[in-house]
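Novice: Here is my input, please return the structure:
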Amino acid sequence: MITLRIEVPYASFRKSYARAFAETYPLPTPATVYGMLLSLVGERFRARHQGVRLAFAFSGKYEDDRPRQSPFPKIAMTVRKLSRYKYGVPAKQSKLGNTLDYIETLCDLEFLCWVDSQSETNNPPNLETRITTALTQPESVTRYGVLSLGLSDDAVNDVRLVAGVNYGCWHWLRPHPAGSLELPIWVDHVGSAGTRWQRYDLETEPSQFPLEPSEQHWTLIMPPN
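Specialist: Sure thing, here's the model as predicted:
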């Protein structure tokens, strides 16, 4: 198991059923974080590390140690140029081109992500090993593009390995069948029949140290059968 600390100045995680108004999920989705990790190690085959488990905790403080009002990131609303073909009216895209519309954006994201490769089903190297290599020997990894979390302009500011979390203020994202959040853990990009979801709660009280995930905190990344 390895632990990553990830910082992203802003990012948008468009809800699956959003259309013209680009409403965002309130937190980075496990499916999106898994995709970012694949990009980090230069992997193009999405199922290459199926069976990996991820756990998340979100910061309750800003970088200058001021407490956040909520462990949920603040949401800003901006106007951007959006494709009608993908989210609006496809028939009008060829004649009218892109359009301006509102989009929600999460601000100042900071979270911990634990990666456990014990249950991966494909041959080595596993995702833990490849992430460690990418961060300690980046010259040995072949990848392209700026590392982003979600949209290509939502660049990652920092991703680093950490050992032992005994600082800060962190709130666990806990899978729970009756949780108030529904987040995608695997996205079907052709239609939605293969998209898989899981319900979560973001714990309101910060966790005690040392911070380590228990069995109840893990999310299994696995494509549909």
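
Novice: Against the centre of this protein, work out the most remote residue.
Specialist: Lys95 (34.8 Å; CA atoms, centre = their mean).

Novice: which residue packs closest to the residue most central in space within the chain, ignoring adjacent ones?
Specialist: The centre of the chain sits closest to Val33, judged by CA atoms, centre = their mean, with a distance of 2.9 Å. What sits nearest to Val33 in space, not counting adjacent residues and going by CB to CB, 6 or more residues apart in numbering, is Cys113, at 6.0 Å. For glycine as for every other residue, the C-beta is placed from the backbone atoms N, C-alpha and C.

Novice: Quick one: residues in contact with stretch 209-219.
Specialist: Contact partners of stretch 209-219, identified using CB atoms under 8 Å, 6 or more residues apart in numbering, comprise 30, 53-57, 112, 114, 116, 164-167, 170, 172-175, 185, 198.

Novice: Can I get the buried ones among those residues as something I can paste into PyMOL?
Specialist: Remark: buried members of the contacts of stretch 209-219, expressed as a PyMOL selection using 16 or more other CB atoms under 10 Å:
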select buried, resi 30+53+54+55+56+57+112+114+116+165+170+172+173+174+175+185+198
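
Novice: Out of the contacts of stretch 209-219, which sit inside helices?
Specialist: Using DSSP state H, the members of those that fall in helices are Pro30.

Novice: Give me the subset of the contacts of stretch 209-219 that lies in strands.
Specialist: Counting by DSSP state E, the contacts of stretch 209-219 place 53-57, 112, 114, 116, 170, 172-175, 185, 198 in strands.

Novice: Just give me the closest of these to Ser192.
Specialist: Taking CB to CB as the measure, Ser192 lies nearest Ile185 of those, at 13.6 Å.

Novice: can you pull the contacts of the closest one?
Specialist: 29-31, 196-198, 219-221 are the contacts of Ile185 under CB under 8 Å, 6+ apart.

Novice: Pro30 too?
Specialist: Pro30 neighbours (CB under 8 Å, 6+ apart): 54, 56, 183-185, 198, 219, 221.

Novice: Distance check, it against Thr142.
Specialist: Distance, Pro30 to Thr142, by CB to CB, to the nearest Å: 26 Å.

Novice: can you check Val115 too?
Specialist: Per CB to CB, Val115 is found 20 Å from Thr142.

Novice: In terms of neighbours, single out the busier of these two.
Specialist: Val115 (23 against 7; other CB atoms under 10 Å).

Novice: Mind pulling up the pLDDT for that one?
Specialist: We have a pLDDT of 98 for Val115.

Novice: Wait, it touches Ile2, no?
Specialist: Yes - at 5.2 Å, Val115 counts as touching Ile2 under the criterion of CB atoms under 8 Å.

Novice: how many other residues sit next to the nearest residue to Val146 once chain neighbours are set aside?
Specialist: Excluding the flanking residues, the one nearest Val146 by CB to CB, 6+ apart is Ala155, at 5.1 Å. Burial of Ala155 is recorded as 15 neighbouring residues (other CB under 10 Å).

Novice: Contact partners for Ala155?
Specialist: Applying CB under 8 Å, 6+ apart, one finds that Ala155 lies in contact with 8-9, 146-148.
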